[in-house]
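A.B. asks: Got a predicted structure plus its sequence, pasted below:
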Amino acid sequence: MCSINHEKKAIFFHIPKTGGIFIRENLEKYYGFKYYQIKRPDHEEICQSNILTKQITKQYHSGNRIFGFLEYFKDQPHSNNIGIYEYASTSDFLNKITGMDEQKWKEYYKFCFIRNPYERFISGFCYCSKYLKINIEFEKFIYLQDYVTSFEYIHTFMPQSKHIIYNDKNVCNFIGSFERLEEDFKKILLTIGFKEGEIVHNHERKNHTIHFPLSYYIKNQDILDKMNEICKDDIHLLSFQKIDEVSNIL
């Protein structure tokens, strides 16, 4: 969810499928950050949980595998309705654990990484397919927004902008790019007070999902139109370029 360093007065928001594991693990190991992934007591009241019917489950999940996997994540704050900043900052319960308060949320240097929304959705689909043993074609999965689990939703359908735009305002001081991960990470470390010689983290990327080019998944105009519908918030709010014609996909 987020990593906090009170000495540096800095917070990292881990948006799924944007290189976040690389960032948060290095922040925790080398730069004094602590990672928090805690479910607030009122989670069910403030978050929408999609109803995954047995019929839909049988169609594209491999039986008990999904329930075994999600059992592991049952205490994690996966939400279909509320982003990271709002989830973490508006809970007295979480603020007590993290040592945060309203003033700190305003003053601390807040940063995250974002990714081309088309690439991110496909990466999330491949990630969920691997760990949930999903057996469904991409062109069918994109229409299951109202049926997928919360775990799948936050890795695919949930806009990145939902995590960092609150009350119509971007809360982050710096938004890094997945495509410039190392370069932007270094900028952030220097900005929050680390010196050049103190930047000593591990450059190995873990949990990096490999997938085929966009054209492998977005095969026709209908799929592209649906993808544009899914990605519209990130395209508009995070200034990504919209692909209007399938012929423009390389």
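C.D. replies: Alright, I've got the coordinates.
A.B. asks: Spit out the contact partners of residue 226.
C.D. replies: 142, 143 (Cβ atoms under 8 Å, 6 or more residues apart in numbering). To be clear about C-beta, it is placed using only N, CA and C from the backbone, and glycine gets the same treatment.
A.B. asks: buried stuff in the helix or strand that it is a member of?
C.D. replies: Using DSSP states H and E, residue 226 sits within helix 221-237. Burial within helix 221-237, assessed by neighbour count using 16 or more other Cβ atoms under 10 Å, is assigned to 223, 224, 227, 228, 230, 231, 234, 235, 237.
A.B. asks: can I have it written out in PDB, keeping just the CAs?
C.D. replies: C-alpha atoms of helix 221-237 as PDB (Å, rounded to 0.1, in the frame of the first residue of the first chain):
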ATOM      1  CA  GLN A 221     -10.700  -2.100 -33.100                       C
ATOM      2  CA  ASP A 222     -13.400  -3.500 -30.800                       C
ATOM      3  CA  ILE A 223     -10.800  -4.600 -28.200                       C
ATOM      4  CA  LEU A 224      -9.000  -1.200 -28.500                       C
ATOM      5  CA  ASP A 225     -12.300   0.700 -28.000                       C
ATOM      6  CA  LYS A 226     -13.000  -1.400 -24.800                       C
ATOM      7  CA  MET A 227      -9.400  -0.700 -23.600                       C
ATOM      8  CA  ASN A 228      -9.900   3.000 -24.200                       C
ATOM      9  CA  GLU A 229     -13.000   2.900 -22.100                       C
ATOM     10  CA  ILE A 230     -11.100   1.100 -19.300                       C
ATOM     11  CA  CYS A 231      -8.100   3.400 -19.500                       C
ATOM     12  CA  LYS A 232     -10.000   6.700 -20.000                       C
ATOM     13  CA  ASP A 233      -9.400   8.100 -16.500                       C
ATOM     14  CA  ASP A 234      -5.600   7.500 -16.600                       C
ATOM     15  CA  ILE A 235      -5.400   8.800 -20.200                       C
ATOM     16  CA  HIS A 236      -7.200  12.000 -19.200                       C
ATOM     17  CA  LEU A 237      -6.000  12.600 -15.700                       C
END
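A.B. asks: Give the rounded mean pLDDT of it.
C.D. replies: On average, the pLDDT along helix 221-237 is 97.
A.B. asks: Same check on stretch 60-73?
C.D. replies: 60.
A.B. asks: Let me know the distance separating residue 117 from residue 19.
C.D. replies: 15 Å (Cβ to Cβ, to the nearest Å).
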